[in-house]
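> could you look at this predicted model? Sequence included:
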Amino acid sequence: MNIEPNMLGAYGPWAAAIVGDAPARLSFRRPEFNDVATWRPRARAAVDRALLAPARGAAPSVEVAHRFEYDGLEIEHLSWKLPYGPPTEALILQPKGAKGRLPAILALHDHGGNKYFGLRKITRMGPERHPLMVEHQDHYYGGVAWANEIARRGYVVLVHDAFLFGSRRVRAADVPKSIARDLVEVDPESPDEIRAYNKWASDHESIVAKSLFCAGTTWPGVFLSEDRAALDILAARANVDPRRIGCAGLSGGGLRTAYLAGVDDRIKAACCVGMMTTWRDYLLNKTYTHTWMIYPPGLPLELDYPEIAAMRAPLPLLVQYDEEDSLFTLPEMKRADRMIAEIYAKAGAPDRYRGAFYPGPHKFDLAMQREAFDWFDARLV
């Protein structure tokens with residue numbers, strides 16, 4: 001028997017057959033679903049069951065550490081305490097001197113194999129940057145801090161550290177020595193120590209995922225709960241128009257965009273960058289390129305991965321794909337694009353979805369940013 005090489009070897013065809021090629025049980029592409037408003041609550045309930053997101057409670061109390069100005073922006077350094085873990089650090093960026101209620105963006109930082117950093121990956125707070133963040137922004141973002149760039153267009157932008165990133169990361173002192181091994185945190189801004197931490201944090205991911213399963217929750221569920229808490233904070237600001245809020249992110253930020261925009265209608269426009277394919281692509285081809293942060297057990301039988309974001313139909317959705325993205329295969333990215341387009345067409349809103357393919361590897365470069373920012377301007381400003 002000839003088997004196309006895949007992540008499960010001889011078991012690949014069998015596992016792929018479980019998901020199958022036909023629309024999943026709750027796919028809006030199935031003939032029994034015709035009214036998107038009736039379908040959406042059923043689909044979201046299935047996602048809710050699979051994610052097992054922890055309760056976030058009331059919007060947390062926010063403390064302002066300090067305020068300052070940089071490069072035409074007013075910046076607030078915030079923190080808030082969730083019911084678990086260390087305080088979440090965040091930044092608010094807004095145009096200097098802006099008045100009234102402004103449109104807003106929840107900017108979701110990437111994974112990038114770098115858990116030591118969170119919000120610093122997509123922001124700039126002064127002329128001096130950590131050398132690893134110079135490399136990061138040059139590699140993925142065309143050398144700019146995209147959260148700053150869109151704030152200058154007239155938005156209030158909130159960027160917060162995600163679960164296990166930046167201020168929310170796991171510290172060596174808080175885990176057993178058998179887990180921490182030789183990890184040390186003597187000079188926390190040392191590039192060598194940061195690289196060592198990121199290597200350790202990558203190895204630690206499977207332990208985190210298994211422990212979350214034992215707790216009765218999932219990694220994407222925790223992400224969603226914390227991102228919705230951040231959205232609560234952003235929407236409640238006196239200078240934010242809650243009817244004009246968008247969200248966006250690359251890679252891990254694109255994953256978080258797909259889930260948040262799929263389940264929360266307060267997101268009026270969403271842009272998912274470099275994080276769209278199918279469960280079949282993950283299963284057969286690309287699980288080895290991804291972290292444990294993606295997977296909710298059982299959900300692939302109910303909805304394909306692109307259909308999570310498409311639950312927001314007919315609210316606007318932009319998905320940007322990188323044609324040479326090593327995290328996905330191009331045929332499955334194109335298949336994902338067709339799925340979302342079919343859902344929006346069936347929902348009577350074909351013009352509210354845009355799938356844009358760009359040449360090159362995994363990135364959110366200047367050309368992609370221009371399209372995304374113009375797209376938000378047309379829908380939120």
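In hand now; what should we look at?

> where does the chain have low pLDDT?
1-2 (pLDDT under 70).

> quick one: buried residues of the strand of greatest length in it?
Assignment by DSSP state E gives strand 240-250 as the longest strand of the chain. Neighbour counts using 16 or more other C-beta atoms under 10 Å place 240-241, 244-250 of strand 240-250 among the buried residues. Bear in mind the C-beta positions are built from the backbone N, C-alpha and C, glycine included.

> farthest-separated two in those residues?
Across those, the longest distance by C-beta to C-beta is 25.2 Å; it joins Asp241 and Leu250.

> returning to what we had before: turn the buried residues of strand 240-250 into CSV, columns for distance to Phe364.
Listed next are these as CSV, based on distance: C-beta to C-beta, whole Å:
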residue, distance to Phe364
Val240, 24
Asp241, 25
Arg244, 22
Ile245, 20
Gly246, 15
Cys247, 14
Ala248, 9
Gly249, 8
Leu250, 4
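
> before we move on, the earlier item: tell me the angle the next helix or strand after the longest strand of the chain makes with strand 240-250.
Heading C-terminal from strand 240-250, the first helix or strand you meet, by DSSP states H and E, is helix 252-263. Relative orientation of helix 252-263 versus strand 240-250 (axes from the mean of the first three to the mean of the last three C-alpha atoms, to 10 degrees): 130 degrees.

> ok, which stretches of the stretch 201-350 of the chain are helices?
Remark: helices assigned in the stretch 201-350 of the chain by DSSP state H, counting those that start in this stretch are 219-235, 252-263, 279-281, 305-310, 330-346.

> including distance to Phe28 and mean neighbour count, could those go into a markdown table?
Compiled in a markdown table, the helices of the stretch 201-350 of the chain are given as follows (distance: least, C-beta to C-beta, whole Å; neighbours: other C-beta atoms under 10 Å):
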| stretch | distance to Phe28 | mean neighbour count |
| --- | --- | --- |
| helix 219-235 | 20 | 22 |
| helix 252-263 | 12 | 26 |
| helix 279-281 | 16 | 22 |
| helix 305-310 | 7 | 28 |
| helix 330-346 | 5 | 19 |
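
> check which helices and strands the helix or strand Phe68 falls within sits against.
Using DSSP H and E, Phe68 falls within strand 62-70. The contact analysis (3 or more C-beta pairs under 8 Å, 6 or more residues apart in numbering; DSSP states H and E) places strand 62-70 against strand 73-80.

> parallel or antiparallel, list what pairs with the strand it packs on.
Each strand paired with strand 73-80, and its direction, by DSSP bridges: strand 62-70 (antiparallel), strand 88-95 (antiparallel).

> winner for burial among those?
Comparing those by mean neighbour count (mean count of other C-beta atoms under 10 Å), strand 88-95 ranks first with a mean of 23.

> now tell me what touches it from outside.
Strand 88-95 has contacts (C-beta atoms under 8 Å, 6 or more residues apart in numbering) with 72-82, 102, 118-119, 123, 125, 147-148, 151-152, 154-161, 166-168, 226, 230, 233, 237, 239.
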